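**Q** I need the structure of the sequence given here:
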Amino acid sequence: MTQVDHTRMANAIRGLAMDAVEKAKSGHPGLPMGAADVATVLFTQFLKFDAADPAWPDRDRFVLSAGHGSMLLYSLLYLTGNKDMPLDQLKHFRQLGSLTPGHPENFHTKGIETTTGPLGQGISTAVGMAVAEKMLSAEFGKKIVSHYTYVLASDGDLMEGVSQEAIALAGHWRLNKLIVLYDDNGISIDGPTSLADSVDQVKRFKSAGWAAEHINGQDQKAIADAITRAQKSSKPTLIACKTTIGYGAPTKAGTNKVHGEALGADELKGAKERLGISLEPFSVPDDVLAAWREAGARGAAARQEWEARYAELGSRKRAEFERRLRHERPASLAKALKGHKKALLENPLNVATRKSSEAAIEVIAAAMPMEFLAGSADLTGSNNNKAKSAVNFSAKTPKGRFIHYGIREHGMAAAMNGIFLHGGFAPNGATFLVFTDYARPAMRLAALMGTGVVYVMTHDSIGLGEDGPTHQPVEHLSALRAIPNMRVFRPCDAVEVAECWELALNRIDGPTVLALTRQNLPQLRTTAPADNPCSHGGYELVAAQGDAKVSFFASGSEVQIAVDAQKQLAERGIPSRVVSVPSLELLLAQPEDRKKALIGNAPAKIAIEAAVRWGWDAVIGQDGEFIGMHGFGASAPAKDLFKHFGITAEAAVNAALKRVG
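**A** Model prediction:
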């Protein structure tokens, strides 16, 4: 490798970061300036990657959890020779259409493993990546899967509550190939972290089952020695790297003034002079750039050696590995679910949709036993998403395909993102629908990144009964539907459950929520067309006898109420129809002609859902009738609650008669 002083290589990162933030007049120069030494040691001496092939399967993963310091990562991508990160992109930092947005976006810029910025998400997502590595290594062997997951985390990452959930899981599972480099600079936006925090992070991590130590984060040898020790540890490792934020800035270094704003012309000039960096913007000395490019190519040999080992695998094993990494489902899945739906039509299943989901999961797990990866936040017996054949995942049983996350909904959702992004698995996680509140930041990131994860959310309405309003979701369906690219399914019976599971598993460009009941429901479907009616978001379940005067639209448990109301109106000679709407947002996304045909032109349009009205006006109009919730629930048996809140067939009939009677 070209012999270039470590400090000059680190200063290349500092110079590019300072210049990009200064040109944009926006950004966070402090972290790249302070953590440049840590990044330089990691990328030049340890990280297994090939800039010419940034997505090869057995690369080490690097997660910049401190996403606000994105210029650190963009500088590294450019310096190491990633062809998708030319210097011009750094000059357009934070500009519309550039590949250098304010925070790293994996769906937008190649070479970025996960989207970060909301603090705590990166380190928590990395736990999922380390889980996936451990599982795949156990399945395919260490010759094929053996890599580290490195995280650069900030004070803010470790203050966020989700970090505690994540590190507790990592320590419990002994994810020894997870190494967190903590940029311990003691500064947050408001000022010294001592304003709000006095936690000893090393002791904290040790108490969670990690190896942890303090080092000087500006000392090249200390950094390298610590990473070497971490690679040999039987536990995940935290390396607390004491750094100076804005290292080199003459008056702002070590202060919050360098955290989230450009240095300013004078400070920038002074910093460059102190560090020995050219005053010319975006300039990197030829020998320094050459050394960085050699670092970017260093992993080519490791990649080629891996490819040789991979070629020795049997063709079937290789095909399976590649299919799994593509998130392509096996042909056996469609066949199994088709048989399951046929069996349901022959022997109807009149149970809660969480139970009919359990029946579907048995079929799914048999069809894709090693990639279907389920888990629950301590509600396994209530969520019913553990297959009978599933073995618990643990440090000693890495081939287990059911994860007990404990009461850690947020950590679960973030880990699922990491598992999916790593590749090889179809993750789903479960809790009560109301507790999506605890998981929302990671769920939103899943939608933004387009991770194909599935959330099995049971106890979906006041129908859960006696646990009362603290546990009864009323606004949650609307809140989840409002997230772009989040698909919410609320199936009405066992057949719809099977159809929704099939759609969820085959959706690999975004997350899916399955909202399932606690209470038993009748099976309403008598056919299972090949085109999967749920794929359109809604379909006519019961047609009118004649021209419909009333159209009922309902989801989940309220479809039965709509069917009962339709029968009562028929007895009065009023033709009506029932449209089951398992996915409101998917229905609204249909082509205009299909959507208009399904909504129809009946004089009375009535929506029925045991939740708030938001979203339904797009179907029934602002003058449409809505039978549902207008506030919080109450503690009582489910049947009493539906009657108390007026979510009944009688109420639906009265609403119809008011319009057409």
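**Q** so which strand or helix has the residue lying closest to residue 327 once chain neighbours are set aside?
**A** The shortest distance from residue 327 to any residue other than its chain neighbours is 4.3 Å, reached at residue 508 (CB to CB, 6 or more residues apart in numbering). All C-beta spots, glycine's among them, are computed from the backbone N, C-alpha and C. In the assignment (DSSP states H and E), residue 508 maps to no helix and no strand.
**Q** surely residue 508 is in contact with residue 452?
**A** Yes - judged on CB atoms under 8 Å, residue 508 makes contact with residue 452 at a distance of 3.8 Å.
**Q** which one's more surrounded, these two?
**A** Neighbour count, other CB atoms under 10 Å: between residue 508 and residue 452, residue 452 has more, with 20 against 15.
**Q** ok but that one is inside a helix, no?
**A** No - counting by DSSP: H, G, I helix; E, B strand; the rest coil, residue 452 is not part of a helix but coil.
**Q** who touches both of residue 508 and residue 452?
**A** residue 327 (CB atoms under 8 Å, 6 or more residues apart in numbering).
**Q** skipping adjacent residues, who's closest to residue 494 in space?
**A** Nearest residue to residue 494, sequence neighbours excluded (CB to CB, 6+ apart): residue 356, at 3.6 Å.
**Q** against which helices or strands is the strand or helix carrying the one you found packed?
**A** In the assignment (DSSP H and E), residue 356 maps to helix 353-367. Using 3 or more CB pairs under 8 Å, 6 or more residues apart in numbering; DSSP states H and E, the elements in contact with helix 353-367 are helix 331-346, strand 372-376, strand 454-458, helix 494-505.
**Q** contacting residues for residue 419?
**A** Contact analysis of residue 419 by CB under 8 Å, 6+ apart lists 128-129, 131-132, 373, 425, 427, 453.
**Q** keep only those of those residues that are in helices.
**A** Secondary structure assignment (DSSP state H) places 128-129, 131-132 from the contacts of residue 419 within helices.
**Q** any idea of the pLDDT on residue 3?
**A** The model reports residue 3 with a pLDDT of 86.
**Q** for residue 128, same thing?
**A** Reported pLDDT for residue 128: 99.
**Q** sketch out the low-pLDDT regions of the stretch 101-250 of the chain for me.
**A** Judged against pLDDT under 70, the stretch 101-250 of the chain has no low-scoring part.
**Q** show me where it has its strands.
**A** 149-153, 178-184, 187-188, 191-192, 211-216, 237-242 (DSSP state E, counting those that start in this stretch).
**Q** strands of the stretch 451-600 of the chain, start to end?
**A** Secondary structure of the stretch 451-600 of the chain by DSSP E, counting those that start in this stretch: the strands cover 454-458, 487-489, 512-515, 539-542, 550-554, 576-580.
**Q** so which of those is nearest residue 377?
**A** When the strands of the stretch 451-600 of the chain are compared by CB to CB, strand 454-458 sits nearest residue 377, at 10.5 Å.
**Q** output the contacting helices and strands for that closest one.
**A** Applying 3+ CB pairs under 8 Å, 6+ apart, one finds that strand 454-458 makes contact with helix 353-367, helix 380-383, strand 426-432, helix 436-449, strand 512-515.
**Q** export those as a markdown table, with columns for mean neighbour count.
**A** Output for these, formatted as a markdown table (neighbours: other CB atoms under 10 Å):
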| stretch | mean neighbour count |
| --- | --- |
| helix 353-367 | 22 |
| helix 380-383 | 17 |
| strand 426-432 | 26 |
| helix 436-449 | 21 |
| strand 512-515 | 27 |
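**Q** tabulate these (JSON lines), appending distance to residue 420 and mean pLDDT.
**A** Converted to JSON lines, these look like this (distance: least, CB to CB, whole Å; pLDDT from 0 to 100):
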{"stretch": "helix 353-367", "distance to residue 420": "16", "mean pLDDT": "98"}
{"stretch": "helix 380-383", "distance to residue 420": "19", "mean pLDDT": "98"}
{"stretch": "strand 426-432", "distance to residue 420": "6", "mean pLDDT": "98"}
{"stretch": "helix 436-449", "distance to residue 420": "8", "mean pLDDT": "98"}
{"stretch": "strand 512-515", "distance to residue 420": "12", "mean pLDDT": "99"}
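**Q** residue 137: which of these is closest?
**A** Of all the helices and strands packed on strand 454-458, strand 426-432 sits nearest to residue 137, with 17.0 Å by CB to CB.
**Q** that closest one to strand 372-376, inter-axis angle?
**A** Here the directions of strand 426-432 and strand 372-376 differ by 20 degrees (axes from the mean of the first three to the mean of the last three CA atoms, to 10 degrees).
**Q** partners of strand 426-432 in the sheet?
**A** Here strand 426-432 is paired, per DSSP bridges, with strand 372-376 (parallel), strand 454-458 (parallel).
**Q** so residue 660 is in contact with residue 604, correct?
**A** Yes - assessed by CB under 8 Å, residue 660 is found in contact with residue 604 at 5.2 Å.
**Q** settle it for me: which of these two has more neighbours?
**A** residue 604 (22 against 16).
**Q** so what pairs up with the more buried one in the strands?
**A** Applying DSSP bridges to residue 604 yields these beta-bridge partners: residue 550.
**Q** residue 569: which of the strands of the stretch 101-250 of the chain is closest?
**A** Closest of these to residue 569 is strand 149-153, at 59.1 Å (criterion: CB to CB).
**Q** now do the buried residues in the closest one.
**A** Applying a neighbour-count criterion of 16 or more other CB atoms under 10 Å, one finds 149-153 buried in strand 149-153.
**Q** ok, so of the residues you listed, who is nearest residue 333?
**A** Distance to residue 333 across the buried residues of strand 149-153 (CB to CB) is lowest for residue 149, with 28.9 Å.
**Q** and that closest one, how far from residue 230?
**A** According to CB to CB, to the nearest Å, residue 149 and residue 230 sit 11 Å apart.
**Q** what does residue 170 give?
**A** According to CB to CB, residue 170 stands 13 Å off from residue 230.
**Q** looking at those two, which is more packed in?
**A** Taking other CB under 10 Å, residue 170 and residue 230 do not tie; residue 170 has more neighbours (30 against 26).
**Q** quick check, that one in contact with residue 129.
**A** No - judged on CB under 8 Å, residue 170 makes no contact with residue 129 at a distance of 10.7 Å.
**Q** is residue 93 in a helix, a strand, or coil?
**A** Going by three-state DSSP: residue 93 is coil.
**Q** low-scoring stretches of the stretch 251-400 of the chain, by residue?
**A** Scanning the stretch 251-400 of the chain for pLDDT under 70 picks out no residues.
**Q** please name the nearest non-neighbouring residue to residue 568.
**A** Nearest non-adjacent residue to residue 568, counting by CB to CB, 6+ apart: residue 653, 5.0 Å away.
**Q** quick one: contacts for the residue lying closest to residue 391 once chain neighbours are set aside?
**A** In space, and not counting its chain neighbours, residue 391 is closest to residue 400: 4.2 Å by CB to CB, 6+ apart. Under the criterion of CB under 8 Å, 6+ apart, the neighbours of residue 400 are 390-394.
**Q** switch the cut-off to 7 Å
**A** 391-394 (CB atoms under 7 Å, 6 or more residues apart in numbering).
**Q** one more: residue 151?
**A** 63, 65, 122-123, 126, 180-181.
**Q** my read is that residue 275 contacts residue 11, right?
**A** Yes - contact criterion CB atoms under 7 Å: residue 275 and residue 11 qualify, at 5.1 Å.
**Q** name the residue in the two with the higher neighbour count.
**A** More neighbours surround residue 11 than the other of residue 275 and residue 11, with 25 against 19 (other CB under 10 Å).
**Q** doesn't that one fall inside a strand?
**A** No - using three-state DSSP, the secondary structure at residue 11 is helix, not a strand.
**Q** thought the residue nearest to residue 568 was touching residue 566?
**A** No - in this structure, residue 653 is not within contact of residue 566 by CB under 7 Å, at 9.2 Å.
**Q** so which of the two has more stuff around it?
**A** Higher neighbour count among residue 653 and residue 566: residue 566, with 27 against 23, using other CB under 10 Å.
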